[in-house]
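Chemist: could you look at this predicted model? Sequence included:
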Amino acid sequence: MAKMPLRDLPAWSGLAAKRRGLPAAQALRSMFAADPGRGDRLVAEACGLYFDYSKQLLDDDTLRLLVELAEQVDLRRRIEAMFRGDRINSTEDRAVLHVALRSAPGDSFEVDGRDVTAGVEEVLGRMAVFSERIRDGRWLGHGGKRIRTVVNIGIGGSDLGPVMAYEALRSYATHDLDFRFVSNVDGTDFSEAVAGLEPTTTLFVVSSKTFTTQETMTNARSAREWLLAACGGDASAVARHFVAVSTNAMEVAAFGIDPANMFGFWDWVGGRYSMDSAIGLSTMLAIGPERFRELLGGFRAMDRHFLTAPLERNLPALHGLITVWNTSLCGCETMAVLPYEQYLKRFPAYLQQLSMESNGKRVQIDGTLVECPTGPVVWGEPGTNGQHSFYQLIHQGTHRIPCDFLGAAQSLNPLGRHQAMLLANMLAQSEALAFGKTAEEVAAEGTPARLVPHREFPGDIPSSTILYDRLTPAILGSLVALYEHSVFTQGVVWNINSFDQWGVELGKVLAGRILPELESPASPDLHHDSSTNALIRRIRSARHLP
Ligand code: F6P
C-alpha cells in the first residue's frame, strides 16, 4: 500500500497549525498558568521510569494530534512487524529483532519461520559459563596466572554499548577485574589502554559484528603482537587471551581465534542495538550473569510496555513523537541529553550512534526524499559539568535546544548533601529553561537598564525529565530500550529505514584509496581535489617521504 505523504495526513496539518499558533514568547508560562494540573498530568510512568514531558511546548490538543499521527502512520502495525521478525530493514533485507535478545522463557520470536530464542539462550548460557570462569579465576592465562584485565576491542556499536554499560554499572562490577576499551585506530588508544598491563593476565574480547572493520581488526592484530611479544612468539597463547564476539565465524577462524572461544550473534541484530547480545560479554564479565539477566529484564519490561501500552501512555512512543514535534515541526535541529548521574557519563555518546546512525537519513524507504527534517543532532554531557560549559548557549543563545534531563532520586554513593544538590540543579535547570526570566523581572531587581537584555532569559526551551529511584541494571535496560523504541517511533513517522547506515561507506572507500598514497615510499600520482592533494603532500613531507 502506497504511503500517504505526511502533509496529507490530517494530524500533520493539525500539528502544523498548532505550531503556528504557539505564542512567540512565554508559551510555557501561559500553559502552566492556565492549567495548574499540567505537571501532574503530562507525565507517564513505566518500568521504574517517571517521564515528565509537561515542560515541552505542547498542550493536550498537540498531544492528541501526535497520537493521531502515530495512528495515521500505522505505528502499531510497524511495531508488530518488528516484533514478528518481518524484514523491516528493507535495504539490507534483514529482520530487526533485538527484542528477541531479551526474551523470557516461553517467548517466541521467529525469523523466517524459525524460533530464534533457543539460540539466544544457548549463547547466553555459554557467556555465563565463560564469565564465571574468568571471574572466579578458573580460567588461566598462558603461564598459569588468572586474568586481571579485560580489554574490549571494538568500535561503534561494538564499543559504545559495552563502554557505556560498564561505566553505568560500575558500582555492580567485580573489583577483581580491571576493564579497558579500545576503539580508535589511532595507535594512542591501544598503547594507552595496555600501558602498564601484564600480557599474561590480560584477556582481549574482540567485538565486531562483521569481523572485518578496519579499526577493530588493526587493533586486534596489534593486541596479538603485543601478547606474543611477551610470550616468546608462542601462538598457543592466543587461545588463552583472545575471545571473539561476532556473527562471522569464518573471519574469526581466519584471524586465529579458536571457534570454541567465539560468542555469536545474528544478522538480525543491528550493531547499535547489540549491547544485550554477546557484544555485552564485557558487561557480563564485569557484573556477572545474574545482574546481566536483570539488565535484560529491564529491556524486556520496556519492550512489553512499548508493544502493549496505549500510545498516550506509552513512554517510547511519546518520547519519539515529542522528538518529531520538536525536530520536524518546531525546527529544533539538535537535542541535548543531560544525565544528572555520573554513572551515565557515556550515555550521550551511546545515544549519538543509536539515534544519529539510525535516523540520520534523507530518503524515505522507497528512496524518495523525506518530507521534513529528520534525526536531530544528539549531544550532551553529565550535569552539573555542562552547566559550567555550554548551558549558557541553551539558556540565552539563538538556537532552541530541547533537553532530556535524567536523574536518580537516590545516589548509589550517598555522600552528605551531594545528591540533593545534584537534583536541585537538575530541577532548577529545567525550570529556568522553561520559564526564563522576563525583562520586567530583571529590571525589578534593580538591574541597570543597560544590563537588562543581558540578564533576561527568554524561556520556552522545552525539556523532559526522566526520573528513577536508583540506577540498577534493570533501570539501565529500560532506559536504553526506551530510547531504542523512541528512535524506532521517529523513523516510522518519517518513513525511513532506521536500521541501515549506508552513510558510513563512502569515507571507508576513500580512506582505502588514500592509505597507500600516504604510505608509498615513492611519490604517488595524486588525483584528488587540490585540497586533499596538498594535505597528502604535507603529511608525507612531515613524515619524511618524497
Ligand atoms: O559505523 C558503521 C558500523 O557498521 C556500525 O554500524 C557498527 O556498529 C560499527 O561500524 C562496527 O561494526 P562491527 O561490529 O562490524 O565491527
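Modeler: Received it, and whenever you're ready, just let me know what you need. Numbering: from 1, shown residues only.
Chemist: contacting residues for the residue of the stretch 251-400 of the chain found nearest the ligand?
Modeler: Nearest residue of the stretch 251-400 of the chain to the ligand, counting by C-beta to the nearest ligand atom: Gly271, 2.6 Å away. Where you see a C-beta, it was placed from the backbone N, CA and C, and this is true even at glycine. For Gly271, the contact set (C-beta atoms under 8 Å, 6 or more residues apart in numbering) comprises 156-158, 209, 501.
Chemist: look up how far Ser277 lies from it.
Modeler: 10 Å (C-beta to C-beta, to the nearest Å).
Chemist: quick one on the thing from earlier: scan the contacts of Gly271 and report the most crowded one.
Modeler: Greatest neighbour count in those, by other C-beta atoms under 10 Å, goes to Ser158: 28 neighbours.
Chemist: nearest residue to that one in space, please, no chain neighbours.
Modeler: Spatial nearest neighbour of Ser158, chain neighbours left out: Ser207 (4.0 Å); criterion: C-beta to C-beta, 6 or more residues apart in numbering.
Chemist: got it, and Leu344?
Modeler: Ala168 is the one closest to Leu344 (C-beta to C-beta, 6+ apart), at 5.7 Å.
Chemist: just confirm that neighbour contacts Leu471, I think it does.
Modeler: Yes: with contact defined as C-beta atoms under 8 Å, Ala168 reaches Leu471; the gap is 6.7 Å.
Chemist: can you list residues touching both of these two?
Modeler: Counting by C-beta under 8 Å, 6+ apart, the common neighbours of Ala168 and Leu471 are 343-344.
Chemist: returning to that earlier point: show me which of the contacts of Gly271 neighbour the ligand.
Modeler: Of the residues in those, proximity to the ligand by C-beta under 6 Å from any ligand atom holds for 156-158, 209, 501.
Chemist: want to throw those residues into a markdown table with pLDDT and secondary structure?
Modeler: A markdown table is the format used below for the ones next to the ligand among the contacts of Gly271 (pLDDT from 0 to 100; DSSP: H, G, I helix; E, B strand; the rest coil):
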| residue | pLDDT | secondary structure |
| --- | --- | --- |
| Gly156 | 98 | helix |
| Gly157 | 98 | helix |
| Ser158 | 98 | helix |
| Lys209 | 95 | coil |
| Gln501 | 97 | coil |
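Chemist: helix, strand or coil: sort out Val243 for me.
Modeler: Three-state call for Val243 (DSSP: H, G, I helix; E, B strand; the rest coil): strand.
Chemist: name the helices or strands packed onto the helix or strand where His454 lies?
Modeler: Element membership for His454 (DSSP states H and E) is helix 452-455. Judged by 3 or more C-beta pairs under 8 Å, 6 or more residues apart in numbering; DSSP states H and E, helix 452-455 is in contact with helix 439-444.
Chemist: switch to 10 Å and redo it
Modeler: When contacts are defined as 3 or more C-beta pairs under 10 Å, 6 or more residues apart in numbering; DSSP states H and E, helix 452-455 packs onto helix 391-396, helix 439-444.
Chemist: which of those helices sits most buried?
Modeler: Most buried of these, by mean neighbour count (mean count of other C-beta atoms under 10 Å): helix 391-396, with a mean of 16.
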